[in-house]
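Give me coordinates for this.
(chains A and B)
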Amino acid sequence: MNANPVGGDSAPRKEGVAFGLQVWLLTGRFLGNAIRQPAVILPNLGISIFFLIVYYGSFGDSPAIVQLTGGNYLNFVLPVTVLFASISGGAAGLTLVEDLESGYFRRQLSMPLSRTAMVLSAMLLGAIQVTFEAILIIALGLVLGADPAAGALGLLALLFFSLLWGLGFAGYSVATGLLTGNARAAQSATFIFFPLLFLAPVFLPFDQLAPWIQAIARVNPTTYMLEGMRSLMIDGWELWPLAKALIAGAAFALVTLIWAVRVAIRKTSRA
Amino acid sequence: MIEVDRLSKRFGSGDDAVDAVKSVSFKVDQGEIFGLLGANGAGKSTTVLMLTTLLAPTSGDARIAGYSLSSDGAGIRRSVGAALQDTGLDPMQKGGGLLELHARLFGFDRKAAIHRRDELLDLVGLRDAADRRIGEYSGGMRRRLDLAAALVNRPRVLFLDEPTTGLDPASRRAIWDEVGVLRESGVTVLLTTQYLEEADQLADRVAIMADGEIVSTGTPAELKAGLGADVIELAFDEEGVAEEAVSVIGPPANRLGQVVRIPAADGPAELARVVGLLKEAGIESSSLSLSQPTLDDVFLNIVESRGEGVGR
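Below is the predicted model:
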């Protein structure tokens, strides 16, 4: 009880903290909390690994399918399981719902923090979780016999795409979490992921899909992300599929970021 | 330091609109502890949420620490601290870690943030619990940490919204001690409370809010003096009998459970009149006393005169 609460030799910056430092510090808090609860990502990681093993076990030895999918079914299906891991980005929304419920979100709003930084840091948490899972899945794929045509650098590019996709998915989950303020509702909203994923060339190349699925897949950003990742695994460094994947991933992340920030601003009508 | 000018908040629209705060104006000088007193739903917390920039006002304005609420919310957020009714703490963080993080977010460099963390842990007596998760803290420890978090940026103005609600007497006393330290440091404090004893103990001046309006302002002594020199207190065996006694005695008698209190300018004379009235009505009290008025009496008198219940 002897400290001076207002005086003292250390003082805060009058002009506030730079946006980048806010994002860094807030993301660090989210990551610290996530590391203390590793079990949160285990179910989704388990499902992704399960799909990899089951798909590979089911189709990997079928000569017709192997021929259709470029010679190594593992190379074809690995990006699918990496995208499955994107659902982990949903943890970002749940994290923000926890902050809403504990009152910590409001505490942050009363501080001189950018709402964009608050939203972006939660999205980065989701993206980092997705990337971490992608690393484990790719490592398992390599052990099983995946052979990326673009080499080790191609795998880094694959991870970059998974981070971008995770960022977009996390933005969606943050927006739904803020909209509903309810953990169960936010979690339910992540199920939109399944139609997005399955209405894309998941098990077969695009030209092998039924015409009605092709029509949907053509406007589904998942298609371009998946084909960009696959091109790294099967064809090597092909500019056009990679450019389309980059555009689809960046657009998805940007749209969901803008949406999440708008929701945050609308839900928090601070002066 | 705080100048509130006709601040209002309306929730909803049309027939469903609720005016939670109705053109409230008041001024708090630098270093003053100002208490906003009122029952649940009186508009205290809504006022604080607006002044801490967490809720946009429907109309009106305020200047806080030199910044305008309508045009410089960011300036206010940098200059004030707020410990709101529900503590805003991350249960996954450690107490010390949270204070250090907040210091960094307010712009302290790493070394200064650690220094500030330790200062605040000492202030609220949580140094020994610094490495424990906040989720493991008791209610009183959370309140104290919340207060520390509100002080990280060395605020010139501090908002405390019902800081001791739900706390045991020892924890309440600890918070009061900490507010006492703030008083000595010259921080301007706006405190809301339902506890009249708390306002009496801590506040230099008090505004009583009812139904979204400020209905009375003054020092606790002024408000009590406005009621008269004495208070007659009568206890009854049943609430129904106490209610009957209030109607027999008439205003300004007010009831709190089985107890009826009557402010009076001349206690002994009024006591004789009251005893006569009760005897005439055939009502017997179980005890009777004459004392000085408290802030409870001020509050109950205002609430009774407005025809509102206090919900207890």
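
which outside residues touch stretch B:47-64?
The contact list for stretch B:47-64 (C-beta atoms under 8 Å, 6 or more residues apart in numbering or on different chains) reads A:106, A:109-110, A:268-271, B:1-10, B:21, B:23-25, B:36, B:46, B:68-70, B:73, B:76-77, B:79-80, B:82, B:84, B:157, B:159, B:161, B:190, B:192, B:209. Quick note: C-beta positions are derived from backbone N, CA and C, even for glycine.

buried stuff in that stretch?
Going by neighbour count (16 or more other C-beta atoms under 10 Å in any protein chain shown), the buried part of stretch B:47-64 is B:47-55, B:57-58, B:60, B:62-64.

returning to what we had before: generate a ChimeraX selection restricted to the buried entries among the contacts of stretch B:47-64.
Only the buried entries of the contacts of stretch B:47-64 go into this ChimeraX selection, using 16+ other C-beta under 10 Å:
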select /A:106,109,110,268,270,271 /B:1,2,3,4,5,7,8,9,21,24,36,46,69,73,76,77,79,80,82,84,157,159,161,190,192,209
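
Take the contacts of stretch B:47-64 and keep only those in strands.
B:2-10, B:21, B:23-25, B:36, B:68, B:80, B:82, B:157, B:159, B:161, B:190, B:192, B:209 (DSSP state E).

These also near chain A: which ones?
For chain A, the contacts drawn from these by C-beta under 8 Å from any C-beta of the partner chain are residue B:82.

Shouldn't residue B:214 be within a strand?
Yes: per DSSP: H, G, I helix; E, B strand; the rest coil, residue B:214 lies within a strand segment.

Check which helix or strand the closest residue to it other than its chain neighbours maps to.
Nearest non-adjacent residue to residue B:214, counting by C-beta to C-beta, 6 or more residues apart in numbering or on different chains: residue B:207, 4.7 Å away. Residue B:207 belongs to strand B:205-210 when assigned by DSSP states H and E.

Tabulate the CA atom coordinates of that strand in CSV.
Below are the C-alpha coordinates for strand B:205-210, written out as CSV (Å, rounded to 0.1, in the frame of the first residue of the first chain):
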residue,chain,number,x,y,z
ARG,B,205,-19.6,14.7,-2.7
VAL,B,206,-22.6,12.5,-3.6
ALA,B,207,-25.2,12.7,-6.4
ILE,B,208,-28.3,10.5,-5.9
MET,B,209,-29.7,9.1,-9.1
ALA,B,210,-33.2,7.8,-9.5
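
wait, what's in contact with whatever residue of the stretch 201-312 of chain B ends up closest to chain A?
Relative to chain A, the nearest point of the stretch 201-312 of chain B is residue B:202 (15.3 Å; C-beta to the nearest C-beta). Going by C-beta under 8 Å, 6+ apart, residue B:202 touches B:33, B:35, B:176, B:179-180, B:183, B:191.

what do you get for residue B:176?
Contacts for residue B:176 (C-beta under 8 Å, 6+ apart) come out as B:164, B:198, B:201-202.

re earlier: which one of the contacts of residue B:202 is nearest chain A?
Among these, residue B:180 lies closest to chain A (C-beta to the nearest C-beta), at 9.0 Å.

Which residue comes closest to that closest one once chain neighbours are left out?
The spatially closest residue to residue B:180, leaving aside those adjacent along the chain, is residue B:202, at 7.7 Å (C-beta to C-beta, 6+ apart).

how much space between that neighbour and residue A:94?
40 Å (C-beta to C-beta, to the nearest Å).

what do you get for residue A:123?
Applying C-beta to C-beta, the value for residue A:123 to residue A:94 is 13 Å.

what's around residue 237, how many residues?
Since you didn't name a chain, this refers to chain A. Look at residue A:237: counted by other C-beta atoms under 10 Å in any protein chain shown, it has 14 neighbours.

you looked at the wrong chain, it should be chain B
Residue B:237: 11 surrounding residues under other C-beta under 10 Å.

for chain B, what are the low-confidence residue spans?
Along chain B, segments meeting pLDDT under 70 span B:226-229, B:293, B:303-312.

Where does whichever residue of the stretch 101-250 of chain B sits closest to chain A sit: helix, strand or coil?
Residue nearest to chain A within the stretch 101-250 of chain B: residue B:107 (2.9 Å; C-beta to the nearest C-beta). Secondary structure state of residue B:107, per three-state DSSP, is coil.

burial of it, as a residue count?
If we define neighbours as other C-beta under 10 Å, then residue B:107 has 20 of them.

just to revisit the earlier point, which one of the buried residues of stretch B:47-64 is nearest to chain A?
Of all the buried residues of stretch B:47-64, residue B:53 has the smallest distance to chain A: 4.3 Å, by C-beta to the nearest C-beta.
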